[in-house]
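Colleague: what follows is a protein structure lacking sequence information:
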């Protein structure tokens, strides 16, 4: 099975405000950069959107190392989401899960692959994360 490295990031100017997402995908020495934006959104939605759009690019089952600087995304997909499903999409505080539309989409996409979720500190000089951040900001600028 192919191994793909993905670096994702989301950005928002205002929260809510204009937002962008970006992703860098690497496979077999090749790179693909994608980005986009939305006029009125939140940083968490853009972080989720970055992971979703990166996974949508893949047209066959892959082993993926997906690196994000969003603990919301990493903890959400690896820890909270299984509990939300059992609890009918209600949080431990008995409130509806925010961004459920994106969590459902991300959950569906991850079922098609073997995903290893990695977290790194943002804006710490990590080349993949810095590229994803630049792409997310480009997504805002191109709105």
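Modeller: Good, I have the coordinates. Here the structure is a predicted model, which means the values were calculated and not measured.
Colleague: for the most centrally placed residue in the chain, which non-adjacent residue is spatially closest?
Modeller: Nearest to the mean C-alpha position of the chain, by C-alpha atoms, centre = their mean, lies residue 51 at 2.6 Å. In space, and not counting its chain neighbours, residue 51 is closest to residue 8: 5.0 Å by C-beta to C-beta, 6 or more residues apart in numbering. Just so you know, the C-beta spots here come from the backbone N, C-alpha and C atoms, and that holds for glycine as well.
Colleague: buried residues of stretch 90-109, list them for me.
Modeller: 97, 99, 102, 103, 105, 106, 109 (16 or more other C-beta atoms under 10 Å).
Colleague: hang on, the first one packs against residue 107?
Modeller: No. Distance between residue 97 and residue 107: 11.2 Å, which falls outside the contact criterion (C-beta atoms under 8 Å).
Colleague: double-check that the residue nearest to the centre of the chain belongs to a helix.
Modeller: Yes. Counting by DSSP: H, G, I helix; E, B strand; the rest coil, one finds residue 51 located in a helix.
Colleague: the residue located most distally from the centre of the chain in helix, strand or coil?
Modeller: The centre of the chain is farthest from one residue, residue 94, which by C-alpha atoms, centre = their mean lies 25.0 Å away. Applying three-state DSSP to residue 94 yields a three-state assignment of coil.
Colleague: against which helices or strands is the host helix or strand of residue 73 packed?
Modeller: Secondary structure from DSSP states H and E places residue 73 in helix 71-75. If you count contacts as 3 or more C-beta pairs under 8 Å, 6 or more residues apart in numbering; DSSP states H and E, helix 71-75 packs onto helix 43-57, strand 114-119.
Colleague: can you rerun that using 10 Å?
Modeller: strand 2-14, helix 43-57, strand 62-68, helix 100-110, strand 114-119 (3 or more C-beta pairs under 10 Å, 6 or more residues apart in numbering; DSSP states H and E).
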